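Undergrad: could you work out the structure for the sequence below:
(3 chains)
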Amino acid sequence: MENLHFELPGQRVPSRFDAVLVGVVGSGNLEVMLEPGSDPAHCTFAIHTSARGFGPIWEAVVRNFQNQHGLGGVVVSINDMGATPAVVSLRLDQAVASLPDAGGAQI
Amino acid sequence: MNAVWNSQALGRAERLARAANALGPRLRGKVAAAADTVTLLGSVMVSGDRVCLEGNNQKQADFLARSLTALDPAEVNHLHMVQSVLALPEHLDVFDNGIASKLDFSFSGPQAARLAKMVSAGQIQVGAIHTYLELFSRYFIDLTPRVSLVCAQAADAHGNLFTGPNTEDTPAIVEATAFKGGIVIAQVNEICDVLPRVDIPGDWVHFVVQAPTPNLIEPLFTRDPAQISEIQVLMAMMAIKGIYAEYGVQRLNHGIGFDTAAIELLLPTYAESLGLKGKIGKHWALNPHPALIPAIEAGWVESIHSFGSELGMEAYVQARSDVFFTGADGSLRSNRAMCQAAGHYACDMFIGSTLQIDLNGHSSTATAGRIAGFGGAPNMGADARGRRHASPAWLKAGEEARRGRGGVHAMPRGQKLVVQMVETFREHMQPAFVDTLDAWKLAEQAGMEIPPVMIYGDDVTHILTEEGIANLLLCRSDAEREQAIRGVAGFTPVGLGRDARMVENLRDRGVIRRAEDLGIDKRDATRNLLAARSMRDLVRASGGLYNPPKRFRNW
Amino acid sequence: MNAHTSFAELSARQRVQAMVDVGTFKEFLGPSQRVVSPHLAALGVPYAFDDGAVIGSGTLNANAVLIAAQEGEFMGGGVGEVHGAKLTGLFRRALRDRPAAVLVLAESGGVRLHEANAGLIAVSEVMRALLDVRAAGIPVLMLIGGANGCFGGMGLIAGCADFVVMSDAARMSMSGPEVIESSHGVEEFDARDRALVWRTTGGKHRYLMGDCDRLVEDDVAAFRSAALDLLGQCKQPGAKQPMTLESLRQAHARLQERIENVGDCKDATDIWQRLGVAHPERVGDMEAAEIQALVAREQA
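TA: Next up is the predicted model:
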């Protein structure tokens, strides 16, 4: 298992929300949980993954995500079982869509 | 002058006489007993003969293949095997047993690893690896079989053959063999008084043997919708909106895979919502894919011509004779050679998946340690330069490729759409985009003259990944082409190595289009869009006519 | 795009939301509390924030219920220490809250082998807690509709419930098909013959044998409807069998009778024939509603 941690600047702070969770920890899949964070100027990413040695790719995916969404005051926690970047990006987008701001349904 | 000009006919007569002698009264007209098969083969074959064995993609003359491996190599050896597909262990056992020594073929998926080992051990001398149509063509020029071992569903006493839905390669093989002094031997599942229809006339057939068990047929074109992922749904949406709709693709071939199955299942739903019915997908060169059932039922499909059949689809096909090619008996008539030609000349688009793409767009499924060959994809996945009739899709693609160019490229001309559809990462995080194709390594390992490329970069018109569509027709330099490919290669090393500014420029010009540019919301890409999400849904959609093989039934 | 919503396609979390009245689900020990497996990390296997079990409370047509759902895609729905403890805790809570019913949306291969004895103990604790709830007169409903089926220890737990609802796509048994094949050989049981697997362990067979009380289509609304129907039934006086020594003896007698009547049958189709089904060879293709109409059954 590998643990990765990223903290990226962002301004878009979602209005008050309960934790949202999308995805499932199955083969080639991952779960993504969004929770309110204490730092409104950053979004932190905590990644727990069974696939080792892909740090640079995770960083690229996460930076790409932040470029799009620019979240602040959010903690993104991931449990991953070998999902490809395509699936990771999809789940991250789905998680953001589940925030009350985005008009998506909770969990 | 004492030149002999009918030595082949004389030779055939000699071999037939030898067979009659060896089998005696047990040979009843053309019908030989199963127990005499090895004797029969031994009496009609001579060392060094060129022998064709079916060896098709789906249908296998398995009993004849087994019998061939039982020949005495001291009597018959150095056979030159010419066959479409190496599917069964017996297809390589004949080399192991010292009966055959040379091979020309097209595809060897199931035997790819063993073939590679035997080639490197010097047990097999490979003449060349071909596409299907290319190999059939050589049966009429310089690879004509002396003896062909084919299989059919049934025969009558005159040797007329009924091949049924899985006609496949048989007509091409038998025509070349029978009319050039060769001998045709058929294994059949049954011998009847009256055949449902005649697929091969008895005049062209010399011997018929009833096999102890029905010949093998593999369901290779069935894809369980339950296995289609959200990413595949997203890519299918992009294909439909970004390419099918854009060019108005009415005549096409789908390479087999879950990617294309997703497209087939999105026609009655997503494509319908875009108002595309009647504007795309009318005519197909395609095996009877179960995944196409919902689209057929919804009235999208006018015609389908098939390379072979698909297990479980027989009753459905019979009940849809307006769509499929069927005989007077009601069942499908397939024909690989004609369908390959149709896919090459009469279709405006090929779309399929691959394993690797390099920076020039060359696409390959070759991997080190496996000699898998090509099958039919290059026939469809290539511009048909001999084509002359126009269609809107063909003209539009051709115009895009030649826009602003001079010299020989200034002549107006059409071009076939050849789309390679691939996720940027395959299983085990293997990147699909590479600097150097494994094909180079394989060529070196196996002593090939050139690397085995499935689809050449200058034939590829579009590359579609989860990151978007790269339109190579609009690229005007190697540098642009490279960046267009990097621009859809996602987070692979090739993708991360992109020149961001150039890629943005290509996107502005419409050379690269992302889902957002096509007006597609990625969150809409769910399995709920599929017209059928399980095998059972497919059966229901067919009104109970589709009867999936046992391995696919989970209810 | 689809006329109905497939139960099998939904995740555990989505199934729970779809079963209870909208907006009424309150999760206990949700993912943000990170009550994760203490064992998996040591084995280099990723954990899930909810350990593959979603538990909580909600209402079903205004009836208060406690509800659990197993995530079949996580470790095959296997019961590990935390996962099992969540189920046990839910049953114990039922003794306190006295809901109209406890619903378990089961999808599991049984004990999570990675957790070995901890998983085995967990399964037995769940059984004990479930039986306590039944003994207290609170109905326990098993809803089985996932692609992975309900096997192993979880199959045994399902057998302890008051009522079982299955879709025809679901399966319920003890040993899985591959285990049977590797123990007894492919002639005895060919695990790749999917039709055989479903004939032997699928919802239709279980229903015809009397091991499940309702057979529904793979449709969320159908599951909800069946649960409500059974709930309503439970409210009738005398509808629910009390768990007594006598009722257990009767159940054993019925099982003995079953062995005597059909124990020598080689295939489920032979059993169905003996049970009086007119066209046993067609059962595989029939819809759930047709099967239900086939055999008139008295409620146990």
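Undergrad: the residue in the stretch 301-450 of chain B positioned nearest to chain C in helix, strand or coil?
TA: Across the stretch 301-450 of chain B, no residue is closer to chain C than B:Gly312, which sits at 12.3 Å (Cβ to the nearest Cβ). Every C-beta, even on glycine, is put in place using the N, C-alpha and C of the backbone. Here B:Gly312 takes the coil state, with states given by DSSP: H, G, I helix; E, B strand; the rest coil.
Undergrad: count of residues packed around it?
TA: By the criterion of other Cβ atoms under 10 Å in any protein chain shown, B:Gly312 has 23 neighbours.
Undergrad: and it, what does it touch?
TA: Residues counted as contacts of B:Gly312 (Cβ atoms under 8 Å, 6 or more residues apart in numbering or on different chains) are B:219, B:222, B:290, B:546-549, B:552.
Undergrad: what about 10 Å?
TA: B:Gly312 is in contact with B:219, B:222, B:288, B:290, B:535, B:538-539, B:542, B:545-550, B:552-553, counting by Cβ atoms under 10 Å, 6 or more residues apart in numbering or on different chains.
Undergrad: again with B:Met429
TA: A:51, A:53-54, A:57, A:82-85, B:492.
Undergrad: how long is stretch B:135-144 end to end?
TA: Start and end residues of stretch B:135-144 are separated by 10 Å (Cα to Cα, to the nearest Å).
Undergrad: what's next to that stretch, contact-wise?
TA: Residues contacting stretch B:135-144 (Cβ under 10 Å, 6+ apart): B:8, B:50, B:52, B:80, B:82-84, B:104-107, B:127-131, B:145, B:148, B:169, B:171-177, B:179-182, B:336-338, B:340-341, B:373-374.
Undergrad: please report how far the nearest residue to A:Met1 once chain neighbours are set aside lies from C:Ala53.
TA: Sequence neighbours aside, C:Gly44 is the residue nearest to A:Met1 in space, at 5.3 Å (criterion: Cβ to Cβ, 6 or more residues apart in numbering or on different chains). From C:Gly44 across to C:Ala53, the span is 22 Å (Cβ to Cβ, to the nearest Å).
Undergrad: more crowded one of these two?
TA: C:Ala53 (26 against 10).
Undergrad: what bridges to that one?
TA: Per DSSP bridges, the residues bridged to C:Ala53 are C:Gln70.
Undergrad: so it sits right up against C:Gly72, yeah?
TA: No - here C:Ala53 does not reach C:Gly72: they are 11.3 Å apart, not a contact under Cβ atoms under 10 Å.
Undergrad: in terms of pLDDT, where does C:Lys240 sit?
TA: At C:Lys240, the model reports a pLDDT of 67.
Undergrad: wait, the residue nearest to A:Met1 touches A:Ser50, no?
TA: Yes - counting by Cβ under 10 Å, A:Ser50 is a contact partner of C:Gly44 at 6.9 Å.
Undergrad: overlap of the contact sets of the two?
TA: The contact lists of C:Gly44 and A:Ser50 share A:1-2, where a contact means Cβ under 10 Å, 6+ apart.
Undergrad: tell me the contacts of the residue sitting nearest the centre point of chain A?
TA: Taking Cα atoms, centre = their mean, the centroid of chain A lies closest to A:Val76, which sits 4.1 Å from it. By Cβ under 10 Å, 6+ apart, the residues touching A:Val76 are A:6, A:8, A:32-35, A:37, A:43-47, A:62, A:65-66, A:92, A:95-96.
Undergrad: just confirm it is within a strand.
TA: Yes - secondary structure of A:Val76 (three-state DSSP): part of a strand.
Undergrad: bridged to it, which residues?
TA: A:Leu34, A:Phe45.
Undergrad: all the helices of the stretch 151-300 of chain C, in order from the start?
TA: In the stretch 151-300 of chain C, the segments counted as helices under DSSP state H, counting those that start in this stretch are C:152-159, C:177-184, C:194-201, C:203-209, C:220-235, C:245-262, C:268-274, C:288-294.
Undergrad: same check, this time on chain A
TA: A:55-69, A:85-97 (DSSP state H).
Undergrad: could you dump these to a markdown table with mean neighbour count and mean pLDDT?
TA: Converted to a markdown table, those look like this (neighbours: other Cβ atoms under 10 Å in any protein chain shown; pLDDT from 0 to 100):
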| stretch | mean neighbour count | mean pLDDT |
| --- | --- | --- |
| helix A:55-69 | 17 | 96 |
| helix A:85-97 | 22 | 94 |
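Undergrad: so for chain C, which of these sits nearest?
TA: Here helix A:85-97 is closest among those (Cβ to the nearest Cβ), at 11.8 Å.
Undergrad: give the other helices and strands that the closest one contacts.
TA: strand A:20-23, strand A:30-36, strand A:42-49, helix A:55-69, strand A:74-80, helix B:230-239 (3 or more Cβ pairs under 10 Å, 6 or more residues apart in numbering or on different chains; DSSP states H and E).
Undergrad: so can I have a markdown table of these showing distance to B:Ala384?
TA: Converted to a markdown table, the helices and strands packed on helix A:85-97 look like this (distance: least, Cβ to Cβ, whole Å):
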| stretch | distance to B:Ala384 |
| --- | --- |
| strand A:20-23 | 44 |
| strand A:30-36 | 44 |
| strand A:42-49 | 47 |
| helix A:55-69 | 40 |
| strand A:74-80 | 45 |
| helix B:230-239 | 21 |
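Undergrad: what separation is there between the residue nearest to the spatial centre of chain B and C:Ala288?
TA: What sits nearest the mean C-alpha location of chain B, by Cα atoms, centre = their mean, is B:Gly376, with 3.8 Å. In this structure, B:Gly376 and C:Ala288 are 42 Å apart, going by Cβ to Cβ.
Undergrad: tell me the buried residues in stretch B:225-235?
TA: B:225-226, B:228-235 (16 or more other Cβ atoms under 10 Å in any protein chain shown).
Undergrad: low-scoring stretches of the stretch 1-150 of chain C, by residue?
TA: By pLDDT under 70, the low-scoring segments of the stretch 1-150 of chain C are C:1-3.
Undergrad: okay, helices next: where are they in it?
TA: Under DSSP H, counting those that start in this stretch, the stretch 1-150 of chain C gives helices at C:12-19, C:81-97, C:116-135.
Undergrad: and of those, who's closest to B:Pro201?
TA: helix C:12-19 (60.3 Å; Cβ to Cβ).
Undergrad: and the closest one, what does it pack against?
TA: Using 3+ Cβ pairs under 10 Å, 6+ apart as the test, helix C:12-19 ends up in contact with strand A:20-23, strand C:53-60, strand C:63-70, strand C:101-106, helix C:220-235.
Undergrad: give me the pLDDT value at the closest residue to B:Glu218 other than its chain neighbours.
TA: Among residues not flanking B:Glu218 along the chain, B:Gln58 sits closest, at 5.3 Å (Cβ to Cβ, 6+ apart). B:Gln58 is assigned a predicted lDDT (pLDDT) of 93.
Undergrad: B:Gln58: how many residues sit nearby?
TA: 24.
Undergrad: next one: the one 5 residues further on
TA: When neighbours are defined as other Cβ under 10 Å, B:Phe63 has 24 of them.
Undergrad: cheers, nothing more for now.
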